[in-house]
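Colleague: Okay, structure incoming, though there's no sequence with it:
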């Protein structure tokens, strides 16, 4: 990494985003079966800043939580969380970071906004699919409990991430 400023920045940003996503998990409003957190804000922001390399901190975040560090919502941890109702959302973070990151490698505003929307959709598609399976419920109850209440918050988080990224140097 000596002499390669971009690699050094990626390492520093990766550490920062692991911390920010973990911190976002603590800012949580309890819903059943999935809480509303600020994690998605930082996942989207990681994709915007780190581009395709955002997969690294987001994947490490999921791995660290699975290994037992209390980084998931309300400080829970362990592999069992990935098998619970929120596991699909956590795995969706990885795909979302990649899609947003790839979209932000382009300068076109339209592609970037489509990337943000697609990344958020990936989180919820993975989350709803796993919620349907893990709770043994049908698709309609999973969408009712795991998507509809979160739409206004997700719109605000996407707007916040977009605004924050535009203000960064």
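Modeller: That came through fine. Only a predicted model underlies this, so the values are computations on that prediction, with no experimental measurement involved.
Colleague: where does this structure dip in pLDDT?
Modeller: For the chain, the stretches with pLDDT under 70 are 1-2.
Colleague: what are the ranges of the helices in it?
Modeller: 5-26, 39-50, 55-66, 79-83, 87-103, 109-135, 139-146, 151-167 (DSSP state H).
Colleague: which of those helices sits most buried?
Modeller: Comparing the helices of the chain by mean neighbour count (mean count of other CB atoms under 10 Å), helix 39-50 ranks first with a mean of 26. To be clear about C-beta, it is placed using only N, CA and C from the backbone, and glycine gets the same treatment.
Colleague: and that one, what does it pack onto?
Modeller: Other helices and strands packing on helix 39-50, by 3 or more CB pairs under 8 Å, 6 or more residues apart in numbering; DSSP states H and E, are helix 5-26, helix 55-66, helix 87-103, helix 109-135, helix 151-167.
Colleague: TSV for those, including distance to residue 79?
Modeller: Output for the helices and strands packed on helix 39-50, formatted as TSV (distance: least, CB to CB, whole Å):
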stretch	distance to residue 79
helix 5-26	16
helix 55-66	5
helix 87-103	9
helix 109-135	14
helix 151-167	27
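Colleague: Redo the helices of the chain as JSON lines? Include distance to residue 33.
Modeller: Below are those laid out as JSON lines (distance: least, CB to CB, whole Å):
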{"stretch": "helix 5-26", "distance to residue 33": "16"}
{"stretch": "helix 39-50", "distance to residue 33": "16"}
{"stretch": "helix 55-66", "distance to residue 33": "18"}
{"stretch": "helix 79-83", "distance to residue 33": "12"}
{"stretch": "helix 87-103", "distance to residue 33": "11"}
{"stretch": "helix 109-135", "distance to residue 33": "7"}
{"stretch": "helix 139-146", "distance to residue 33": "6"}
{"stretch": "helix 151-167", "distance to residue 33": "16"}
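Colleague: wait, which of those helices is closest to residue 73?
Modeller: Ranking the helices of the chain by proximity to residue 73 (CB to CB) places helix 5-26 first, at 4.8 Å.
Colleague: what about that closest one, distance to the chain center?
Modeller: Relative to its parent chain, helix 5-26 has a centroid offset of 13 Å by CA atoms, centre = their mean, to the nearest Å.
Colleague: What of stretch 39-50?
Modeller: Centroid separation between stretch 39-50 and its chain, computed with CA atoms, centre = their mean, is 7 Å.
Colleague: OK, contacts around residue 34?
Modeller: Contacts for residue 34 (CB atoms under 8 Å, 6 or more residues apart in numbering) come out as 85, 86, 89, 127, 131, 145, 146, 150.
Colleague: and of the helices and strands packed on helix 39-50, who's closest to residue 141?
Modeller: Using CB to CB, those put helix 109-135 closest to residue 141, at 7.8 Å.
Colleague: With that, I have no additional questions.
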